[in-house]
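Visitor: the sequence and its predicted three-dimensional model are supplied below.
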Amino acid sequence: ENIMGKESRMDYKAVPRGVFTDPEIGAVGMTEEEARKAGFKVKIGKFYFRGLGRAQAAGKITGFAKIIADEGTDKILGAAIMGPNATDLVHELVPAISCGITAEELGRIIHSHPTFSEAVMEALHDVHGMSIHKLE
């Protein structure tokens, strides 16, 4: 766009990354370590795929969704997903990071059931200790 005369800026804090292995890995934003080094006090939410009905039915229970949020603002700083469709699921977090959406706000979005995307919803709920389907 810039080379064609349109002034455009890229938001590099919200670039999704994918590793196309089995299970897949998707990530966006800061890692937990990067967020801490940047001076954020972080809250973590994590949910394992084995707690999802869709994962059980598909026989794909390996993996988790992890959300990294700022404790002070609840804004999502980063996410990592390992499991079925992780490289697709991570895109739910891209606009959240880019637009400064909080874990609570995104966690209120309705997710179809049974789906793999519920792992993201449950991890968002877990940021506040509210994941009702979490298995330890």
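Guide: Everything's here; your move.
Visitor: from now on I want contacts and neighbour counts done on CA atoms only, so please keep to that.
Guide: Fine.
Visitor: list the contacts for the nearest residue in space to Ile61 that is not next to it in sequence?
Guide: Nearest residue to Ile61, sequence neighbours excluded (Cα to Cα, 6 or more residues apart in numbering): Arg50, at 4.3 Å. For Arg50, the contacting residues are 56, 60-63, by Cα atoms under 8 Å, 6 or more residues apart in numbering.
Visitor: in helices, which of the residues you listed fall?
Guide: The helices, defined by DSSP state H, take in Gln56 from the contacts of Arg50.
Visitor: for the protein, what spans make up the strands?
Guide: Using DSSP state E, the strands of the chain run over 17-19, 24-29, 42-48, 64-70, 76-83.
Visitor: so who does Lys134 touch?
Guide: Contacts for Lys134 (Cα under 8 Å, 6+ apart) come out as 47-48, 51, 122.
Visitor: what about it, distance to Arg36?
Guide: Lys134 is 25 Å from Arg36, where distance means Cα to Cα, to the nearest Å.
Visitor: beta partners for the residue most central in space within the chain?
Guide: Nearest to the geometric centre of the chain sits Ala79, at 3.8 Å (Cα atoms, centre = their mean). For Ala79, the beta-bridge partners are Val28, Ile67 (DSSP bridges).
Visitor: from Pro16, how far out is it?
Guide: 10 Å.
Visitor: from the contacts of Lys134, pick the one nearest Asp22.
Guide: Tyr48 (15.8 Å; Cα to Cα).
Visitor: count of neighbours near that closest one?
Guide: 24 (other Cα atoms under 10 Å).
Visitor: contacts only, for the nearest residue to it once chain neighbours are set aside.
Guide: In this structure, Tyr48 finds its nearest non-sequential neighbour in Phe64, 4.1 Å apart by Cα to Cα, 6+ apart. Phe64 is in contact with 46-49, 81-83, 119, counting by Cα under 8 Å, 6+ apart.
Visitor: shared neighbours of Ala79 and Pro16, anything?
Guide: 27-29, 90.
Visitor: from the residues you listed, which is closest to Ile109?
Guide: Of all those, Val90 has the smallest distance to Ile109: 15.2 Å, by Cα to Cα.
Visitor: which other helices and strands does the longest helix seen in the chain contact?
Guide: Assignment by DSSP H gives helix 118-126 as the longest helix of the chain. Judged by 3 or more Cα pairs under 8 Å, 6 or more residues apart in numbering; DSSP states H and E, helix 118-126 is in contact with strand 42-48, strand 64-70, helix 103-107.
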